[in-house]
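K.L.:
Task: produce atomic coordinates for the following.
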Amino acid sequence: MNKSSVYFVSLGCPKNLVDSQVMLGLLEKDRYQISQTPADAEVIIVNTCSFIQAAKEESIETILEMADYKESGKCKALVVSGCLPQRYSKELEKDIPEVDLMIGTGQYNRITELLDKHNQALELGAPLPERSYIDQPAFIHTEKDPRIHTGPQHSAYLKLSEGCNRRCSFCIIPKLRGNVRSRTVQSLVEEAKQLALKGVKELNLVAQDLTEYGMEWKYKERLETLLPELCKVEGIEWIRLHYVYPDEFSNELVEIIAREPKIVKYLDMPIQHTNDRILKLMNRRLTKQKLFRLIETLRERIPEIVFRTSIIVGFPGETEEEFQELCTDLKALALDHVGVFSYSKEEGTKAAELLEHVNPSIKRRRTKTLIKLLQDQAQKIKTLKIGKTYPVLIEGVSSESDLLIQGRLSTQAQEIDGHVLINDLGLNFDISKIRTGDIIPVEITEALPHDFIGKVIS
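P.N.:
Now for the predicted structure:
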């Protein structure tokens, strides 16, 4: 049986991207050809997200766009995987008949087996096998599973665990991804070594919640066990922590981040709100007092630390006074990067059942107000870096101009926190010596709304 050419679209979060990379690895291992354009592919796979309404809309639009290639291209099989079919397989079967195969979040490791079955049926002219393969998610990849590292070769995501045991009232993720399933420290260290051998210098640690890592083993292996071992991996220079929940942040974790030079002083720590009543309605195990105390502790122990967080505006029942409290608190906390999201009502969540939903126009106004406040505040924080020199990870020629070199500070996460645009290489500096993935000293000379301008310090 001839193997098909496959075009792949990955949507959603970095955790979903890792799943896509594993699927690509499995396809290549089983001799499927990876196509660079959808028009030339016999199989098109869309790995979807359905976390909030905007993500669902993007997923559906992409599926319909790819479905056109069954008419205008060579596509014989359209596959939809990930969170959308896990959540809406019956609706997709009914509303988008162009989809030939649906694979849930717990079955993506079967991608080649299921494609082989489909292709074999087509070749024999036999009835197609079932369209949907959805079950309770239980799989998580290990270092033994093939994975094609897409994107910049100097930076990679390392997924510590899958699923979530939290039950935040606004979140559908546990129903889509199941409960926590952690990988062993040995497995993660081995994959980190494999990535380092391929040229990776920056490891971005991801999970639904890093502090839940190892909980199903009663934390015999945990984040505090893993981090020192990852720091020993030769070739890895930056280790970044994403999705570290503040309510389970141990003093030991603070000390590890402070003392390990490879762990960048950057924390992606979702807060969602600061009002205690709203936090309780969200089923978050956090209070304002605990949050302020933790951030104070982190800043005392790690003065240079930078924070990224996410905030939900317009949660059901949020009053104007509670929103103003949130604004005041965020102004006082002065966090560096804050993503603001209007509450999205998601069926199947506890929050959707609450009675006092905020009017959409009020949600929009509050969102705009908070974003404006935070933009002004972030610009003031950024200007404090002007005149100082920092290590910058070089990413290559800037997408904005061939005359600029693009890089990132250790406090700028890939794809979300902007760049350092280098317009001055200094006297007698040999540009040919700069390679993608190098980390070099750069002085910040200007702070733009999203980026920095800098010059190389020879």
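K.L.:
what stretches of the stretch 351-458 of the chain score poorly on pLDDT?
P.N.:
The stretch 351-458 of the chain contains residues with pLDDT under 70 at 426-432.
K.L.:
Please enumerate the helices of it.
P.N.:
Per DSSP state H, counting those that start in this stretch, the stretch 351-458 of the chain carries helices over the ranges 360-383.
K.L.:
can you give me the strands in it?
P.N.:
Along the stretch 351-458 of the chain, counting by DSSP state E, counting those that start in this stretch, strands occupy 389-397, 405-409, 420-424, 439-447, 452-456.
K.L.:
just those strands: most buried one?
P.N.:
For the strands of the stretch 351-458 of the chain, the largest average neighbour count (mean count of other C-beta atoms under 10 Å) is found in strand 405-409, namely a mean of 24. In short, each C-beta sits where N, CA and C put it, glycine included.
K.L.:
Could you list the paired strands of it along with their orientation?
P.N.:
If you go by DSSP bridges, strand 405-409 pairs up with strand 389-397 (antiparallel), strand 420-424 (antiparallel).
K.L.:
okay, those strands in CSV with distance to I239 next?
P.N.:
Putting the strands paired with strand 405-409 into CSV (distance: least, C-beta to C-beta, whole Å) gives the following:
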stretch, distance to I239
strand 389-397, 13
strand 420-424, 20
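K.L.:
closest to Q153 out of those?
P.N.:
For Q153, the closest of the strands paired with strand 405-409 is strand 389-397, at 10.5 Å, according to C-beta to C-beta.
K.L.:
What's the local residue count around N16?
P.N.:
The local packing of N16 (other C-beta atoms under 10 Å) involves 24 other residues.
K.L.:
residue ranges with poor pLDDT in this protein?
P.N.:
Using pLDDT under 70, the chain drops low at 1-2, 426-432.
K.L.:
Please enumerate the helices of the stretch 101-250 of the chain.
P.N.:
Counting by DSSP H, counting those that start in this stretch, the helices of the stretch 101-250 of the chain are 111-124, 173-177, 185-197, 223-231.
K.L.:
what's in contact with the third one?
P.N.:
Put plainly, it is helix 185-197. Helix 185-197 is contacted by residues 142-143, 149, 156, 158, 160, 203, 221, 225-226, 229-230, 232-236 when judged by C-beta atoms under 8 Å, 6 or more residues apart in numbering.
K.L.:
same check, this time on the second one
P.N.:
The list of residues contacting helix 173-177 from outside it, by C-beta under 8 Å, 6+ apart, reads 50-51, 83, 86-87, 105, 137, 162-167, 208, 348.
K.L.:
Return the members of those classed as buried.
P.N.:
Listed as buried from those are 50-51, 83, 86-87, 105, 137, 162-164, 166, 208; burial here means 16 or more other C-beta atoms under 10 Å.
K.L.:
between these, which is nearest I34?
P.N.:
If you rank the buried ones among the contacts of helix 173-177 by distance to I34 using C-beta to C-beta, T105 comes first, at 22.0 Å.
K.L.:
what about Q375, distance to F315?
P.N.:
22 Å (C-beta to C-beta, to the nearest Å).
K.L.:
neighbour-wise, which of the two wins?
P.N.:
Applying other C-beta under 10 Å to Q375 and F315 shows that F315 carries more neighbours, namely 26 against 13.
K.L.:
Excluding sequence neighbours, find me the nearest residue to that one.
P.N.:
Y343 (4.9 Å; C-beta to C-beta, 6 or more residues apart in numbering).
K.L.:
give the contact list for the one you found.
P.N.:
Contact analysis of Y343 by C-beta under 8 Å, 6+ apart lists 170, 312-316, 318, 351, 358, 363.
K.L.:
Please produce TSV containing those, extended by distance to V420.
P.N.:
Below are the contacts of Y343 laid out as TSV (distance: C-beta to C-beta, whole Å):
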residue	distance to V420
F170	35
I312	30
V313	30
G314	34
F315	36
P316	41
E318	37
A351	39
V358	39
K363	34
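K.L.:
right, and out of these, which lies closest to D438?
P.N.:
Using C-beta to C-beta, the contacts of Y343 come closest to D438 at I312, 38.7 Å.
K.L.:
Measure how buried the closest one is and give me the count.
P.N.:
24.
K.L.:
Equivalent analysis for F139, please.
P.N.:
17.
K.L.:
Tell me who's in contact with the closest residue to it other than its chain neighbours.
P.N.:
Nearest non-adjacent residue to F139, counting by C-beta to C-beta, 6+ apart: N109, 5.0 Å away. By C-beta under 8 Å, 6+ apart, N109 lies in contact with 22, 26, 139, 141, 145.
K.L.:
again with G25
P.N.:
Contacts for G25 (C-beta under 8 Å, 6+ apart) come out as 145-148.
K.L.:
go again using 10 Å as the cut-off
P.N.:
By C-beta atoms under 10 Å, 6 or more residues apart in numbering, the residues touching G25 are 111, 141, 145-149.
K.L.:
Run through the neighbouring helices and strands of the helix or strand hosting I63.
P.N.:
If you go by DSSP states H and E, I63 is part of helix 53-67. If you count contacts as 3 or more C-beta pairs under 10 Å, 6 or more residues apart in numbering; DSSP states H and E, helix 53-67 packs onto strand 5-10, strand 43-48, strand 77-82, helix 83-95, strand 337-342.
K.L.:
if we go to 8 Å?
P.N.:
strand 43-48, strand 77-82, helix 83-95 (3 or more C-beta pairs under 8 Å, 6 or more residues apart in numbering; DSSP states H and E).
K.L.:
Point out the most buried one among those.
P.N.:
Taking mean count of other C-beta under 10 Å, strand 43-48 is the most buried of those, at a mean of 27.
K.L.:
okay, it in PDB with CA atoms only?
P.N.:
Extracted in PDB, the C-alpha atoms of strand 43-48 (Å, rounded to 0.1, in the frame of the first residue of the first chain):
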ATOM      1  CA  VAL A  43      -4.200  13.800   3.500                       C
ATOM      2  CA  ILE A  44      -4.800  17.000   5.500                       C
ATOM      3  CA  ILE A  45      -4.800  16.900   9.300                       C
ATOM      4  CA  VAL A  46      -6.000  19.800  11.400                       C
ATOM      5  CA  ASN A  47      -5.100  19.500  15.100                       C
ATOM      6  CA  THR A  48      -7.700  21.700  16.800                       C
END
